[in-house]
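1. coords please:
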Amino acid sequence: MSEVKFEHKIASWKVDEVNALKDLLKSGNVIAIIDMMEVPSVQLQEIRDTIRDSMTLKMSRNTLMKRAIEEVAEETSNPSFTKLIDCMEKGAALIATEMNPFKLYKTLNESKSPAPIKAGATAPCDIEIKAGSTGMPPGPFLSDLKAVGLPAAIEKGKIGIKEDTIVAKEGDVVSAKLAVVLSKLDVKPMEVGLNVLGVYEDGIVYDPEVLKIDEDEFLAKLQNAYTGAFNLSVNAVIPTSATIETIVQKAFSNAKAVSVESAFLTSETSDAILGKATAQMLAVAKLAGEDALDDELKGMVSGSEAESAPAAEEAPAAEEEKKEEAPATAGMGLLF
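-> Coordinates of the predicted model:
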């Protein structure tokens, strides 16, 4: 008895679809798997128009996308590419782009828009109804508001809410009654758009939580790191293009201080050393008394005392100037 073999034929449209997906996967350095569930067609078209110039979006069956990813991974000898399959969920789609993963995530996030929540959906955040008039005339809606826990009453001929009230906490399942009330109040707690499930670049698949960064916090950390590196470079005398000027200035100041303190004459310090020596000589002469001095020294001592008096009077002004310079000094303190 001869064996009967059955040949499984693949529909030609599926073959064409997989080939089209493979072309897309090979067209960009960055490939993203996104979730398109719950995105109304109107908003999807708006998003497509927004991102058209920077990325290519293609929807297909998950089974065909999985097949295309596996074949591309095999053809390019890149097994890490198949990690993208682990990110696929129901309602997934592909994006190919040259945009880096972080910018891609931010762009897609910014394309989202607020939307009403449906009955049975999970609240994405605490849903709060603010106090004030609803603009609705007295009627059955008053009972609807009270039924979902809102302190409502008739105020000036309109239904009003007496105080701010959280009608659902994050994670709560929204009831049908509450969904209707929120819709009538035009409260839109949902964000509708393309959710990133995973992004591939250079052998790495980025999780959405990794791509979700606080730019202000990141920049603050970057600035702190730069300041720390700058201080280390200056204090350890490791010259770089950013610190060489500060290191040279610091070395010059230290060398000048050593030269003056040790009375080592140079063209840069001779004036300071002679000035210091003269001041010390006059101080000793003043202590010796007038009887021990000749006329020249007496004149120099009296002259120095005359110069000291105005200087003492100007001291407060100098102190004020010093106080005004404090912020700049404090700023430099960060560097050293």
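2. tell me which element the closest residue to Lys250 other than its chain neighbours is part of?
-> With sequence-adjacent residues excluded and distances taken as C-beta to C-beta, 6 or more residues apart in numbering, Lys250 is closest to Val234, at 6.6 Å. (C-beta placed from N, C-alpha, C; glycine too.) If you go by DSSP states H and E, Val234 is part of helix 215-235.
3. residues making contact with stretch 55-73?
-> Identification of contacts with stretch 55-73 by C-beta atoms under 8 Å, 6 or more residues apart in numbering yields 14, 17-18, 20-22, 24-28, 34, 36, 48, 51, 78-82, 84-85, 88, 90, 92-97, 99, 104, 107, 194.
4. oh, I was asking about stretch 253-272
-> 273, 276-277.
5. Apply 7 Å and report the result again.
-> Contact with stretch 253-272 is made by 273, 276, as judged by C-beta atoms under 7 Å, 6 or more residues apart in numbering.
6. all helices for the stretch 101-250 of the chain, in order.
-> In the stretch 101-250 of the chain, the helices defined using DSSP state H, counting those that start in this stretch lie at 101-110, 140-147, 176-184, 208-211, 215-235, 244-261.
7. you'd agree the residue nearest to Lys250 is up against Ala242?
-> No. In this structure, Val234 is not within contact of Ala242 by C-beta atoms under 7 Å, at 9.7 Å.
8. So the two - more neighbours on which side?
-> The neighbour count for Val234 versus Ala242, taken as other C-beta atoms under 10 Å, is higher for Val234 (20 against 12).
9. tell me the contacts of the residue nearest to Lys158 when sequence neighbours are not counted?
-> Of all residues not flanking Lys158 in the chain, Ser133 sits nearest, at 4.9 Å (C-beta to C-beta, 6+ apart). Neighbouring residues of Ser133 by C-beta under 7 Å, 6+ apart: 155, 158, 160.
10. pLDDT value on Ala92, please?
-> Per-residue confidence (pLDDT) for Ala92: 88.
11. Beta-bridge partners for it, please?
-> Asp35 (DSSP bridges).
12. Val196 too?
-> Counting by DSSP bridges, Val196 is bridged to Ile34.
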